[in-house]
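Colleague: sequence-free structure coming up:
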DNA sequence: AGCATATAGTTCGTCAGTGAACTATTTTCA
DNA sequence: TGAAAATAGTTCACTGACGAACTATATGCT
(Lines give C-alpha, C1' and ligand atoms only; values in the text may rest on other atoms or scores of the structure.)
Protein backbone atom coordinates (compact mmCIF):
# COMPACT_ATOMS: atom_id res chain seq x y z
CA UNK A 1 0.00 0.00 0.00
CA UNK A 2 1.13 3.46 -0.82
CA UNK A 3 2.07 5.77 1.99
CA UNK A 4 0.14 8.52 0.34
CA UNK A 5 -3.60 8.44 0.52
CA UNK A 6 -3.92 6.65 3.76
CA UNK A 7 -7.06 8.63 3.34
CA UNK A 8 -8.77 9.31 0.05
CA UNK A 9 -8.54 12.64 -1.69
CA UNK A 10 -12.01 13.56 -0.47
CA UNK A 11 -11.12 12.78 3.10
CA UNK A 12 -7.95 14.83 2.84
CA UNK A 13 -9.92 17.76 1.46
CA UNK A 14 -12.37 17.55 4.30
CA UNK A 15 -9.60 17.38 6.88
CA UNK A 16 -7.76 20.27 5.25
CA UNK A 17 -10.89 22.38 5.17
CA UNK A 18 -11.76 21.95 8.82
CA UNK A 19 -8.15 22.52 9.83
CA UNK A 20 -8.01 25.82 7.98
CA UNK A 21 -11.37 26.93 9.37
CA UNK A 22 -10.05 26.37 12.87
CA UNK A 23 -6.80 28.14 12.03
CA UNK A 24 -8.74 31.07 10.58
CA UNK A 25 -10.75 31.53 13.75
CA UNK A 26 -7.49 32.03 15.64
CA UNK A 27 -5.77 34.33 13.16
CA UNK A 28 -7.22 37.69 12.37
CA UNK A 29 -7.77 38.54 8.72
CA UNK A 30 -7.19 35.01 7.47
CA UNK A 31 -9.17 34.59 4.22
CA UNK A 32 -10.30 31.04 4.97
CA UNK A 33 -12.63 30.51 2.02
CA UNK A 34 -10.10 31.54 -0.56
CA UNK A 35 -7.25 29.65 1.04
CA UNK A 36 -9.41 26.54 1.13
CA UNK A 37 -10.47 26.94 -2.49
CA UNK A 38 -6.89 27.38 -3.57
CA UNK A 39 -5.81 24.36 -1.58
CA UNK A 40 -8.54 22.26 -3.16
CA UNK A 41 -7.33 23.35 -6.55
CA UNK A 42 -3.80 22.38 -5.61
CA UNK A 43 -4.80 19.02 -4.21
CA UNK A 44 -7.19 17.99 -6.99
CA UNK A 45 -5.11 19.07 -9.97
CA UNK A 46 -2.00 17.03 -9.19
CA UNK A 47 -4.13 14.05 -8.18
CA UNK A 48 -5.84 14.11 -11.58
CA UNK A 49 -2.48 14.53 -13.25
CA UNK A 50 -1.03 11.60 -11.33
CA UNK A 51 -3.94 9.36 -12.28
CA UNK A 52 -3.56 10.34 -15.93
CA UNK A 53 0.15 9.69 -15.69
CA UNK A 54 -0.34 6.21 -14.27
CA UNK A 55 -2.75 5.36 -17.09
CA UNK A 56 -0.36 6.57 -19.76
CA UNK A 57 2.58 4.81 -18.18
CA UNK A 58 0.61 1.58 -17.98
CA UNK A 59 -0.61 1.65 -21.57
CA UNK A 60 2.24 3.37 -23.36
CA UNK A 61 5.34 2.98 -21.19
CA UNK A 62 6.10 6.70 -21.32
CA UNK A 63 5.35 9.64 -19.07
CA UNK A 64 2.35 11.92 -19.32
CA UNK A 65 4.42 14.83 -20.56
CA UNK A 66 6.00 12.72 -23.26
CA UNK A 67 2.59 11.57 -24.38
CA UNK A 68 1.21 15.09 -24.39
CA UNK A 69 4.10 16.26 -26.51
CA UNK A 70 3.21 13.51 -28.94
CA UNK A 71 -0.40 14.68 -29.11
CA UNK A 72 0.71 18.24 -29.67
CA UNK A 73 3.01 17.12 -32.47
CA UNK A 74 0.06 15.62 -34.30
CA UNK A 75 -1.80 18.91 -33.98
CA UNK A 76 1.09 20.65 -35.71
CA UNK A 77 0.88 18.28 -38.64
CA UNK A 78 3.60 15.99 -37.31
CA UNK A 79 6.57 18.27 -36.70
CA UNK A 80 7.34 21.10 -34.31
CA UNK A 81 10.26 22.76 -32.59
CA UNK A 82 10.78 21.82 -28.93
CA UNK A 83 10.32 25.41 -27.85
CA UNK A 84 6.87 25.49 -29.40
CA UNK A 85 5.94 22.39 -27.46
CA UNK A 86 7.12 23.72 -24.15
CA UNK A 87 5.10 26.84 -24.75
CA UNK A 88 1.98 24.73 -25.24
CA UNK A 89 2.62 22.96 -21.97
CA UNK A 90 4.05 25.94 -20.10
CA UNK A 91 7.20 24.00 -19.35
CA UNK A 92 10.84 25.02 -19.38
CA UNK A 93 12.99 24.27 -22.39
CA UNK A 94 15.38 22.18 -20.34
CA UNK A 95 12.56 19.82 -19.64
CA UNK A 96 11.62 19.49 -23.27
CA UNK A 97 15.12 18.29 -24.12
CA UNK A 98 14.59 15.36 -21.80
CA UNK A 99 11.12 14.72 -23.21
CA UNK A 100 12.49 14.70 -26.76
CA UNK A 101 15.29 12.33 -25.72
CA UNK A 102 12.72 9.96 -24.32
CA UNK A 103 10.48 10.09 -27.40
CA UNK A 104 13.42 9.49 -29.71
CA UNK A 105 14.66 6.62 -27.53
CA UNK A 106 11.26 4.94 -27.82
CA UNK A 107 11.11 5.48 -31.58
CA UNK A 108 8.05 7.70 -31.26
CA UNK A 109 9.66 10.81 -32.74
CA UNK A 110 12.79 11.88 -34.59
CA UNK A 111 15.05 14.89 -34.32
CA UNK A 112 16.10 16.60 -37.54
CA UNK A 113 17.82 19.88 -38.29
CA UNK A 114 15.89 22.85 -39.50
CA UNK A 115 17.52 24.13 -42.70
CA UNK A 116 16.06 27.65 -42.39
CA UNK A 117 17.23 28.31 -38.86
CA UNK A 118 20.13 26.19 -37.82
CA UNK A 119 19.56 26.87 -34.12
CA UNK A 120 16.29 25.05 -34.36
CA UNK A 121 15.49 21.40 -34.34
CA UNK A 122 12.45 19.82 -35.82
CA UNK A 123 10.88 17.13 -33.72
CA UNK A 124 8.73 14.87 -35.90
CA UNK A 125 6.33 12.15 -34.84
CA UNK A 126 6.91 8.71 -36.35
CA UNK A 127 4.23 6.31 -37.62
CA UNK A 128 4.73 4.35 -34.42
CA UNK A 129 4.06 7.54 -32.48
CA UNK A 130 0.90 8.25 -34.43
CA UNK A 131 -0.33 4.74 -33.83
CA UNK A 132 0.27 5.10 -30.12
CA UNK A 133 -1.68 8.35 -29.96
CA UNK A 134 -4.72 6.99 -31.77
CA UNK A 135 -4.60 3.78 -29.77
CA UNK A 136 -4.71 5.70 -26.49
CA UNK A 137 -7.36 8.27 -27.35
CA UNK A 138 -10.28 6.01 -26.38
CA UNK A 139 -8.73 5.40 -22.97
CA UNK A 140 -8.32 9.10 -22.44
CA UNK A 141 -11.89 9.81 -23.52
CA UNK A 142 -13.17 7.21 -21.07
CA UNK A 143 -11.11 8.60 -18.23
CA UNK A 144 -12.18 12.18 -18.89
CA UNK A 145 -15.81 11.20 -19.04
CA UNK A 146 -15.55 9.35 -15.73
CA UNK A 147 -13.83 12.22 -14.00
CA UNK A 148 -16.22 14.91 -15.22
CA UNK A 149 -19.34 12.90 -14.56
CA UNK A 150 -21.98 14.84 -12.71
CA UNK A 151 -20.54 18.21 -13.64
CA UNK A 152 -22.84 20.01 -16.04
CA UNK A 153 -21.67 21.69 -19.22
CA UNK A 154 -22.68 25.02 -17.72
CA UNK A 155 -20.47 24.33 -14.72
CA UNK A 156 -17.58 23.27 -16.93
CA UNK A 157 -17.79 26.55 -18.80
CA UNK A 158 -17.95 28.47 -15.53
CA UNK A 159 -14.82 26.74 -14.32
CA UNK A 160 -13.05 27.40 -17.59
CA UNK A 161 -13.95 31.07 -17.37
CA UNK A 162 -12.78 31.28 -13.79
CA UNK A 163 -9.52 29.53 -14.58
CA UNK A 164 -8.84 31.97 -17.40
CA UNK A 165 -9.43 34.83 -15.01
CA UNK A 166 -7.16 33.25 -12.42
CA UNK A 167 -4.46 32.90 -15.07
CA UNK A 168 -4.81 36.54 -16.09
CA UNK A 169 -4.70 37.71 -12.47
CA UNK A 170 -1.65 35.59 -11.83
CA UNK A 171 0.13 36.93 -14.91
CA UNK A 172 -0.58 40.45 -13.68
CA UNK A 173 0.62 39.60 -10.19
CA UNK A 174 3.82 37.97 -11.44
CA UNK A 175 4.46 40.96 -13.65
CA UNK A 176 3.98 43.33 -10.73
CA UNK A 177 6.43 41.49 -8.47
CA UNK A 178 10.04 42.73 -8.59
CA UNK B 1 15.21 35.59 -17.57
CA UNK B 2 13.69 32.25 -16.88
CA UNK B 3 13.45 29.73 -19.67
CA UNK B 4 9.92 29.02 -18.62
CA UNK B 5 7.26 31.51 -19.50
CA UNK B 6 8.75 32.82 -22.63
CA UNK B 7 5.08 33.37 -22.96
CA UNK B 8 2.75 34.23 -20.13
CA UNK B 9 0.42 31.67 -18.63
CA UNK B 10 -2.50 33.14 -20.56
CA UNK B 11 -0.64 32.90 -23.83
CA UNK B 12 0.31 29.31 -23.10
CA UNK B 13 -3.31 28.47 -22.34
CA UNK B 14 -4.42 30.03 -25.60
CA UNK B 15 -1.78 28.17 -27.57
CA UNK B 16 -2.62 24.89 -25.84
CA UNK B 17 -6.30 25.35 -26.52
CA UNK B 18 -5.96 25.97 -30.21
CA UNK B 19 -3.48 23.12 -30.57
CA UNK B 20 -5.88 20.66 -28.95
CA UNK B 21 -8.80 21.92 -31.04
CA UNK B 22 -6.80 21.23 -34.16
CA UNK B 23 -5.72 17.84 -32.84
CA UNK B 24 -9.32 16.99 -32.02
CA UNK B 25 -10.49 17.72 -35.55
CA UNK B 26 -8.06 15.09 -36.81
CA UNK B 27 -8.74 12.40 -34.20
CA UNK B 28 -12.15 10.87 -33.95
CA UNK B 29 -13.79 10.82 -30.55
CA UNK B 30 -11.32 13.21 -28.96
CA UNK B 31 -13.14 15.06 -26.13
CA UNK B 32 -11.52 18.42 -26.83
CA UNK B 33 -13.46 20.55 -24.34
CA UNK B 34 -12.76 18.29 -21.41
CA UNK B 35 -9.14 17.78 -22.30
CA UNK B 36 -8.67 21.52 -22.56
CA UNK B 37 -10.42 22.15 -19.26
CA UNK B 38 -8.29 19.56 -17.54
CA UNK B 39 -5.14 21.00 -19.07
CA UNK B 40 -6.10 24.48 -17.90
CA UNK B 41 -6.55 23.12 -14.42
CA UNK B 42 -3.16 21.50 -14.61
CA UNK B 43 -1.44 24.59 -15.90
CA UNK B 44 -3.06 27.11 -13.58
CA UNK B 45 -2.82 25.15 -10.33
CA UNK B 46 0.96 24.62 -10.36
CA UNK B 47 1.52 28.19 -11.53
CA UNK B 48 -0.43 29.49 -8.54
CA UNK B 49 1.44 27.12 -6.29
CA UNK B 50 4.79 28.26 -7.68
CA UNK B 51 3.91 31.91 -7.16
CA UNK B 52 2.86 31.20 -3.59
CA UNK B 53 6.06 29.24 -3.08
CA UNK B 54 8.23 32.10 -4.31
CA UNK B 55 6.47 34.52 -1.95
CA UNK B 56 6.92 32.25 1.05
CA UNK B 57 10.53 31.55 0.19
CA UNK B 58 11.22 35.26 -0.16
CA UNK B 59 9.61 36.28 3.13
CA UNK B 60 10.25 33.24 5.30
CA UNK B 61 13.19 31.37 3.79
CA UNK B 62 11.31 28.07 3.81
CA UNK B 63 9.27 26.18 1.25
CA UNK B 64 5.54 26.41 0.76
CA UNK B 65 4.94 22.95 2.18
CA UNK B 66 6.96 23.72 5.27
CA UNK B 67 4.99 26.90 5.78
CA UNK B 68 1.68 25.14 5.28
CA UNK B 69 2.66 22.52 7.84
CA UNK B 70 3.32 25.36 10.23
CA UNK B 71 -0.14 26.83 9.61
CA UNK B 72 -1.75 23.45 10.15
CA UNK B 73 0.14 23.03 13.40
CA UNK B 74 -1.40 26.21 14.73
CA UNK B 75 -4.84 24.90 13.82
CA UNK B 76 -4.19 21.84 15.98
CA UNK B 77 -3.35 23.98 18.96
CA UNK B 78 0.37 23.86 18.33
CA UNK B 79 1.19 20.16 18.14
CA UNK B 80 0.38 17.34 15.75
CA UNK B 81 1.79 14.04 14.52
CA UNK B 82 3.49 14.15 11.11
CA UNK B 83 1.03 11.63 9.71
CA UNK B 84 -1.86 13.95 10.55
CA UNK B 85 -0.15 16.76 8.68
CA UNK B 86 0.49 14.73 5.57
CA UNK B 87 -3.14 13.72 5.55
CA UNK B 88 -4.16 17.39 5.57
CA UNK B 89 -1.92 18.07 2.63
CA UNK B 90 -2.43 14.73 0.88
CA UNK B 91 1.29 14.10 0.87
CA UNK B 92 3.30 10.98 1.56
CA UNK B 93 4.76 10.33 4.98
CA UNK B 94 8.27 10.21 3.57
CA UNK B 95 7.89 13.78 2.50
CA UNK B 96 6.71 14.93 5.89
CA UNK B 97 9.89 13.63 7.49
CA UNK B 98 11.85 16.01 5.32
CA UNK B 99 9.45 18.87 6.07
CA UNK B 100 9.77 18.25 9.81
CA UNK B 101 13.57 18.16 9.51
CA UNK B 102 13.50 21.52 7.81
CA UNK B 103 11.17 23.10 10.37
CA UNK B 104 13.28 21.81 13.26
CA UNK B 105 16.45 23.02 11.56
CA UNK B 106 15.01 26.53 11.31
CA UNK B 107 13.84 26.50 14.91
CA UNK B 108 10.21 26.78 13.86
CA UNK B 109 9.09 23.49 15.40
CA UNK B 110 10.32 20.79 17.75
CA UNK B 111 10.07 17.03 17.73
CA UNK B 112 9.10 15.28 20.94
CA UNK B 113 8.07 11.77 21.80
CA UNK B 114 4.46 10.88 22.39
CA UNK B 115 4.19 9.11 25.74
CA UNK B 116 0.89 7.41 24.92
CA UNK B 117 1.96 5.84 21.66
CA UNK B 118 5.68 5.41 21.37
CA UNK B 119 5.56 4.99 17.60
CA UNK B 120 4.34 8.53 17.31
CA UNK B 121 6.15 11.81 17.37
CA UNK B 122 4.66 15.11 18.33
CA UNK B 123 5.68 18.00 16.14
CA UNK B 124 5.15 21.28 18.01
CA UNK B 125 5.36 24.81 16.72
CA UNK B 126 7.73 27.15 18.55
CA UNK B 127 7.08 30.79 19.43
CA UNK B 128 9.33 31.70 16.53
CA UNK B 129 7.14 29.59 14.28
CA UNK B 130 3.96 31.24 15.52
CA UNK B 131 5.46 34.65 14.97
CA UNK B 132 6.38 33.72 11.41
CA UNK B 133 2.86 32.52 10.66
CA UNK B 134 1.18 35.64 11.94
CA UNK B 135 3.72 37.85 10.24
CA UNK B 136 3.02 36.24 6.85
CA UNK B 137 -0.76 36.08 7.01
CA UNK B 138 -1.25 39.61 5.66
CA UNK B 139 0.93 38.82 2.66
CA UNK B 140 -1.07 35.71 1.96
CA UNK B 141 -4.35 37.56 2.29
CA UNK B 142 -3.16 40.19 -0.17
CA UNK B 143 -2.01 37.59 -2.67
CA UNK B 144 -5.24 35.62 -2.47
CA UNK B 145 -7.31 38.73 -2.95
CA UNK B 146 -5.29 39.71 -6.02
CA UNK B 147 -5.55 36.30 -7.58
CA UNK B 148 -9.29 35.91 -7.03
CA UNK B 149 -10.15 39.41 -8.13
CA UNK B 150 -12.99 39.53 -10.59
CA UNK B 151 -14.30 36.10 -9.64
CA UNK B 152 -17.60 36.41 -7.84
CA UNK B 153 -18.44 34.59 -4.63
CA UNK B 154 -21.04 32.60 -6.54
CA UNK B 155 -18.40 31.47 -9.00
CA UNK B 156 -16.02 30.56 -6.22
CA UNK B 157 -18.67 28.36 -4.66
CA UNK B 158 -19.40 26.77 -8.03
CA UNK B 159 -15.74 25.96 -8.47
CA UNK B 160 -15.48 24.57 -4.99
CA UNK B 161 -18.49 22.33 -5.64
CA UNK B 162 -17.09 21.15 -8.94
CA UNK B 163 -13.69 20.43 -7.40
CA UNK B 164 -15.31 18.34 -4.69
CA UNK B 165 -17.15 16.39 -7.34
CA UNK B 166 -13.95 15.92 -9.33
CA UNK B 167 -12.24 14.63 -6.20
CA UNK B 168 -15.06 12.18 -5.54
CA UNK B 169 -15.04 10.96 -9.13
CA UNK B 170 -11.30 10.54 -9.03
CA UNK B 171 -11.45 8.59 -5.76
CA UNK B 172 -14.01 6.29 -7.36
CA UNK B 173 -11.90 5.90 -10.49
CA UNK B 174 -8.76 5.15 -8.51
CA UNK B 175 -10.64 2.65 -6.46
CA UNK B 176 -11.98 0.95 -9.58
CA UNK B 177 -8.55 0.58 -11.17
CA UNK B 178 -6.67 -2.65 -10.44
C1' DA C 1 29.79 45.86 -41.84
C1' DG C 2 30.16 44.63 -37.32
C1' DC C 3 29.09 44.43 -32.66
C1' DA C 4 25.32 43.83 -29.13
C1' DT C 5 21.50 41.39 -28.15
C1' DA C 6 18.24 37.75 -28.48
C1' DT C 7 16.96 32.97 -29.28
C1' DA C 8 17.27 27.52 -29.58
C1' DG C 9 18.87 23.79 -27.60
C1' DT C 10 21.76 21.42 -24.24
C1' DT C 11 24.04 20.35 -19.80
C1' DC C 12 24.33 20.49 -14.96
C1' DG C 13 23.05 20.68 -10.26
C1' DT C 14 19.00 21.15 -7.29
C1' DC C 15 14.41 20.59 -5.39
C1' DA C 16 10.13 18.56 -3.83
C1' DG C 17 7.72 14.94 -4.43
C1' DT C 18 7.16 9.51 -4.92
C1' DG C 19 7.20 4.18 -3.54
C1' DA C 20 9.51 0.43 -1.38
C1' DA C 21 11.92 -1.50 2.35
C1' DC C 22 13.11 -1.25 7.14
C1' DT C 23 12.49 -0.77 12.45
C1' DA C 24 9.84 -0.18 16.34
C1' DT C 25 5.72 -0.22 18.32
C1' DT C 26 0.60 -1.23 18.92
C1' DT C 27 -3.65 -3.63 17.91
C1' DT C 28 -6.38 -7.52 16.68
C1' DC C 29 -8.16 -11.91 17.01
C1' DA C 30 -7.98 -17.24 16.84
C1' DT D 1 -1.93 -15.30 25.31
C1' DG D 2 0.69 -14.96 21.60
C1' DA D 3 1.25 -14.71 16.58
C1' DA D 4 -0.27 -11.93 12.62
C1' DA D 5 -1.44 -7.65 10.86
C1' DA D 6 -1.47 -2.73 11.05
C1' DT D 7 0.66 1.75 11.93
C1' DA D 8 4.39 5.66 12.66
C1' DG D 9 8.37 7.26 11.33
C1' DT D 10 12.66 6.90 8.74
C1' DT D 11 15.91 5.96 4.94
C1' DC D 12 16.98 5.29 0.20
C1' DA D 13 16.89 5.51 -4.73
C1' DC D 14 14.34 7.54 -8.18
C1' DT D 15 11.44 10.97 -10.96
C1' DG D 16 10.07 15.09 -13.33
C1' DA D 17 10.22 19.50 -12.88
C1' DC D 18 13.24 23.87 -12.31
C1' DG D 19 16.98 27.84 -13.07
C1' DA D 20 21.60 29.07 -14.40
C1' DA D 21 25.31 28.71 -17.41
C1' DC D 22 26.95 27.42 -21.85
C1' DT D 23 27.33 27.06 -27.21
C1' DA D 24 25.84 28.07 -31.58
C1' DT D 25 23.23 30.58 -34.48
C1' DA D 26 20.32 34.70 -35.98
C1' DT D 27 18.69 39.45 -35.68
C1' DG D 28 18.92 44.30 -34.94
C1' DC D 29 21.13 48.70 -34.43
C1' DT D 30 24.21 52.16 -35.17
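Modeller: Okay, I see it. Since the structure is predicted, the reported quantities are computational estimates derived from the model, not experimental observations.
Colleague: give me the local confidence score for the most centrally placed residue in chain A.
Modeller: Note on chain A: the residue nearest the mean C-alpha position is residue A:49, at 5.9 Å, using CA atoms, centre = their mean. For residue A:49, the model assigns a pLDDT of 94.
Colleague: now do the biggest helix by length in chain A: which elements does it pack against?
Modeller: Ranked by residue count under DSSP state H, the longest helix found in chain A is helix A:32-60. Under the contact criterion of 3 or more CB pairs under 8 Å, 6 or more residues apart in numbering or on different chains; DSSP states H and E, helix A:32-60 touches helix A:9-26, helix A:64-75, helix A:127-148, helix B:32-60, helix B:127-148, helix B:153-176. Quick note: C-beta positions are derived from backbone N, CA and C, even for glycine.
Colleague: that one: how far from the chain's middle?
Modeller: Mean C-alpha position of helix A:32-60 versus that of the full chain (CA atoms, centre = their mean, to the nearest Å) differs by 9 Å.
Colleague: and that helix, what's buried?
Modeller: Counting neighbours by 16 or more other CB atoms under 10 Å in any protein chain shown, one finds that the buried residues in helix A:32-60 are A:33-49, A:51-53, A:55-56, A:60.
Colleague: on that earlier part again, out of the helices and strands packed on helix A:32-60, deepest packed?
Modeller: helix A:64-75 (a mean of 23; mean count of other CB atoms under 10 Å in any protein chain shown).
Colleague: mind checking if it is in reach of DNA strand D?
Modeller: Yes: remark: helix A:64-75 sits within contact range of DNA strand D at A:64, A:65, by CB under 7 Å from any atom of the strand.
Colleague: contacts for stretch A:119-128?
Modeller: By CB atoms under 8 Å, 6 or more residues apart in numbering or on different chains, the residues outside stretch A:119-128 that reach it are A:69-70, A:73-74, A:78-83, A:85, A:100, A:103, A:107-114, A:133.
Colleague: which residues of chain A lie near DNA strand C?
Modeller: Listed as neighbours of DNA strand C in chain A under the rule CB under 7 Å from any atom of the strand: A:2-4, A:81-83, A:93-94, A:96-98, A:100, A:111, A:117, A:119-121.
Colleague: please repeat the previous calculation with a cut-off of 10 Å.
Modeller: Within reach of DNA strand C by CB under 10 Å from any atom of the strand, chain A has these residues: A:1-5, A:42, A:46-47, A:50, A:54, A:80-87, A:92-101, A:104, A:111, A:113-114, A:117-123.
Colleague: from those residues, which would you call buried?
Modeller: Judged by neighbour count, with buriedness set by 16+ other CB under 10 Å, the buried members of these are A:4-5, A:42, A:46-47, A:80-82, A:84-87, A:95-96, A:99-100, A:121-123.
Colleague: report whether stretch A:7-23 contacts chain B.
Modeller: Yes: contact between stretch A:7-23 and chain B, assessed by CB under 8 Å from any CB of the partner chain, occurs at A:7-13, A:15-16, A:19-20, A:22-23.
Colleague: which one among these gets closest to residue B:150?
Modeller: Each of the residues of stretch A:7-23 next to chain B was scored against residue B:150 by CB to CB, and residue A:20 proved nearest at 23.2 Å.
Colleague: isn't that closest one right next to residue A:38, touching?
Modeller: No: between residue A:20 and residue A:38 there is no contact, the gap being 10.2 Å when judged by CB atoms under 8 Å.
Colleague: in chain A, what spans have low per-residue confidence?
Modeller: Along chain A, the model assigns pLDDT under 70 to residues A:1-6, A:178.
Colleague: the one helix or strand residue A:110 maps to - contacts with which helices or strands?
Modeller: When secondary structure is defined using DSSP states H and E, the element that contains residue A:110 is strand A:109-113. If contacts are counted by 3+ CB pairs under 8 Å, 6+ apart, strand A:109-113 sits against helix A:64-75, helix A:93-105, strand A:121-125.
Colleague: how about 10 Å then?
Modeller: Under the contact criterion of 3 or more CB pairs under 10 Å, 6 or more residues apart in numbering or on different chains; DSSP states H and E, the helices and strands touching strand A:109-113 comprise helix A:64-75, strand A:79-80, helix A:93-105, strand A:121-125, helix A:127-148.
Colleague: make JSON lines from those and add distance to residue A:160 to it.
Modeller: Rendered in JSON lines, the data for the helices and strands packed on strand A:109-113 read as follows (distance: least, CB to CB, whole Å):
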{"stretch": "helix A:64-75", "distance to residue A:160": "19"}
{"stretch": "strand A:79-80", "distance to residue A:160": "25"}
{"stretch": "helix A:93-105", "distance to residue A:160": "26"}
{"stretch": "strand A:121-125", "distance to residue A:160": "28"}
{"stretch": "helix A:127-148", "distance to residue A:160": "12"}
